[in-house]
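S.K.: take a look and give me a structure for this.
(2 chains)
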Number of protein chains: 2
Amino acid sequence: MGHIIALSGGVGGAKLAFGLSKVLPPEDLSVIVNTGDDFEHFGLPISPDIDTLLYTLSELNDPGKGWGRADETWSFLETMKALGGEAWFMLGDRDLALHVFRKTLLNAGMTLTEAVAVLSERLGVRQTVLPMSNDPVQTMLDTDQGLLSFQHYFVRERTKPKVKSVSFSSSDAATLSTEVRDVFARGDLDGVVVCPSNPFLSIDPLLAVPGFQALLKGTLAPVIAVSPIVGGQAIKGPTAKMMEELGLELSAMTVAEKYKEFLDGFVLDEVDAGLEEEVVSLGFPVATFQTVMKTEEDRTQLARACLGFLKEISASQAP
Amino acid sequence: MGHIIALSGGVGGAKLAFGLSKVLPPEDLSVIVNTGDDFEHFGLPISPDIDTLLYTLSELNDPGKGWGRADETWSFLETMKALGGEAWFMLGDRDLALHVFRKTLLNAGMTLTEAVAVLSERLGVRQTVLPMSNDPVQTMLDTDQGLLSFQHYFVRERTKPKVKSVSFSSSDAATLSTEVRDVFARGDLDGVVVCPSNPFLSIDPLLAVPGFQALLKGTLAPVIAVSPIVGGQAIKGPTAKMMEELGLELSAMTVAEKYKEFLDGFVLDEVDAGLEEEVVSLGFPVATFQTVMKTEEDRTQLARACLGFLKEISASQAP
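M.R.: Down below sits the predicted model:
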C-alpha cells in the first residue's frame, strides 16, 4: 500500500488514526487535523485536536479521559483557581509545557505546520500530523446564548446552548499549506479516510478552507468516510444534540449525503446494514464494519478494514 | 510604633521582612522590593524577589530551598525539558500559575504595583508589598563572559562569570511609583530598615531609581541597615565572590560606607562587634545583634531588635 491521508477532528477521529498508525509504516500515514477549535488561552496558542492526535499517536494520551496526557498533574490549574484566575479550561501541567513550547516555536517564526512537526519529533510521533491550514479558521456557533467560539460552547458552556448555525470565521482568507497540497500531490497516494469525527464541528472546518474540497474531488486516490453516526446515535460529543437542533435527521445517511460530492465509498456500522441500499443510491459503494472502537484491537481492525475497502475501490476503478 | 518600611531583595531580605511581619500589625509594614532581577521567560513577566516576598509573607514558601513554594510540583519543567525547551529557570507548576495570572492582570492594564496588590490579596498577604518602580530597571552584569542580565548570571551561569561592574539599564527613565512616594510621605512613618540583602545586586537597583535616594535622605524617620556581611563573609549568594571581583573589602564596613549618605544607624552582627568603632566614625550609631537568621525565632528576634534600635535613634534625635 502507498500513502494514506486521514482527516480527523479530536478524540473520535484520533481513534481511527491510531488504528491506521498501527497497521501502516509511519512514513505512509498523514493525518490532516481540524484547527477550527484552536484558541488562545492565557496568551498561549492551544490546538486541542492537533494535541489529541499528538498525544494519541505518541501513546502519551490518557485513554480513560479520552483527552490530555496519562501522567498529567494539575498544580497549575489548582493554583490558578485559588488565585481567582480563569480555570474553566482543563490545562494540565505537562500539557501546558506543550503550549508554551509551541508558542516559542511560533514566536521564532515557524508556521503552525512547522511547529507541529517539531512537537511530533520531540514526542516521538513518526507519522505526519498536518494542521488543516496555517491560517486561523475559527469555528463559531450561533446559539440561543449568542455567538460562541467552539471552546466556549463545548468546554465553558458544556454544549448547553442551542445551536442555530455553525460558521467558520476567517475561512475565506485561509489558504492551504504547502504541506497539505504536497501530500495530496504524492504519486503514491492510495487513499483518503475521513475519520468518524463530527461532520459539522470537526470536518466542516477542513472543507471550509478554500481549495480543500477541490483536493478531495481532484485526487485520483479513493476517498472514503466512516460514519460517526451509528444506529441513529452519535458515538460521542455534541453531534447528536447539534444535529437535532440544526433540524437534521440523526442518521448515517445524513453524513453520506453531506460528503457525497467527494466520496468514493462510505463505511456504515454493522448495525446500520439496513441503510446500505439508501446510501448506495448516492452513487458509491458502501461497506459495513464494526466501527465502534472501544479497544486498541477495534481500532486496528477498523483501520485494516478501511484499507481493504480502499483497495477494493481502487481495483474496481482500474481500467 | 507607627509604620515601618523595609527595603528588600529576595531570600536574605525576606527573612527579616518575615520577622517584621510577625512583630508588627500587618497594616504597619510596607516592603519595597527590588525588581532589577525581573525578566521575561516564555513571554511571562517574572519578578523573583517580589515573589519570594509574597511566598514568604504568605508562608507558602519552601523554607528548605529558600525560594519558591513548599507544595510545588515540577511536571511543566520536566516536560519542557523532554520537549527540548528552555529549562534552566526552575519554574514550578504552582509558581507558573502566579506568573500567568500576573500577566493577565498586566495585560488588563494594571501597573506592576497594582498587580502585586491583587496577588498579595489572593495569597493572603496582608502587609503591603511594593515593587521599587513600575518601570523596568534591569540589573546588568559586565563580566568576563560579556554583559549578562541578573538571571542569566545568577541562575543560568550559576554566578561563575567574573563580574567587572554592575549597571542598571533603563534606570534613568524609571520613576518612583505613587505608592512608594505615598508610603514615605506617611505622617506615622517610624523607620526604614534596609534588610541584609546584597548591596550591589538587591539594594543598588532601588537606589538607582531617580528620586529614591532623596526619599531616604529626606525622610524624618530614622533609616537603618542590617549588614549582609558577617564576620567578613556573606551570608549567602554571590555577594562575597562579587565583592572580591569588584575589588571591595569583604567587610560590614564596606556596606556601612556604601549606605552612609542616608543612614541614621547600622546593625552589625555580634561577631563584628570589633568593627563598631570604625563604623561609628561614619557619623551614626551602631547596634550589634545576632543577625544570622536560621530559625523563625531568629527572624522575629532580629526584627524586634531593629524596631528597638529605631526607637532609640528617634528618642536620641528628639529635640
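S.K.: show me where the stretch 101-250 of chain A has helices.
M.R.: With DSSP state H, counting those that start in this stretch as the criterion, the stretch 101-250 of chain A has helices at A:112-123, A:150-151, A:178-184, A:204-208, A:212-218, A:239-245.
S.K.: pick the most deeply packed of those helices.
M.R.: Sort the helices of the stretch 101-250 of chain A by mean neighbour count, taking mean count of other C-beta atoms under 10 Å in any protein chain shown, and helix A:204-208 sits at the top with a mean of 23. Heads up, the C-betas are built off the backbone N, CA and C, glycines and all.
S.K.: roughly how far out does the lowest-mean-pLDDT helix or strand in chain A sit from the chain middle?
M.R.: Lowest by mean pLDDT, DSSP states H and E among the helices and strands of chain A is strand A:233-234, with a mean of 78. With C-alpha atoms, centre = their mean, to the nearest Å as the basis, strand A:233-234 stands 17 Å off its chain's centre.
S.K.: note down every partner strand of it and its orientation.
M.R.: Taking DSSP bridges as the criterion, strand A:233-234 forms sheet pairs with strand A:229-230 (antiparallel).
S.K.: pLDDT on the strand it pairs with, on average?
M.R.: Model confidence over strand A:229-230, given as mean pLDDT, is 93.
S.K.: next one: stretch A:261-280
M.R.: On average, stretch A:261-280 scores 97.
S.K.: now the helices of the stretch 101-250 of chain A as TSV including distance to B:Asp135 and mean pLDDT?
M.R.: Listed next are these as TSV, based on distance: least, C-beta to C-beta, whole Å; pLDDT from 0 to 100:
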stretch	distance to B:Asp135	mean pLDDT
helix A:112-123	34	98
helix A:150-151	36	88
helix A:178-184	44	98
helix A:204-208	44	96
helix A:212-218	49	98
helix A:239-245	51	86
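S.K.: of these, which is nearest chain B?
M.R.: helix A:112-123 (4.7 Å; C-beta to the nearest C-beta).
S.K.: name the residues that touch the closest one?
M.R.: Contact with helix A:112-123 is made by A:35, A:45, A:47, A:50, A:54-55, A:57-58, A:60, A:98, A:101-102, A:105-106, A:110, A:125-131, A:134, A:177, A:179, B:82-84, as judged by C-beta atoms under 8 Å, 6 or more residues apart in numbering or on different chains.
S.K.: is it true that A:Val193 touches A:His3?
M.R.: No - checked against C-beta atoms under 8 Å, the pair A:Val193 and A:His3 is beyond contact range at 11.7 Å.
S.K.: the more surrounded of the two?
M.R.: Using other C-beta atoms under 10 Å in any protein chain shown, the more surrounded residue of A:Val193 and A:His3 is A:Val193, with 30 against 21.
S.K.: which one is that one nearest to, not counting chain neighbours?
M.R.: A:Ala6 (4.8 Å; C-beta to C-beta, 6 or more residues apart in numbering or on different chains).
S.K.: ditto for A:Val280
M.R.: That would be A:Val286: by C-beta to C-beta, 6+ apart, it lies 5.3 Å from A:Val280.
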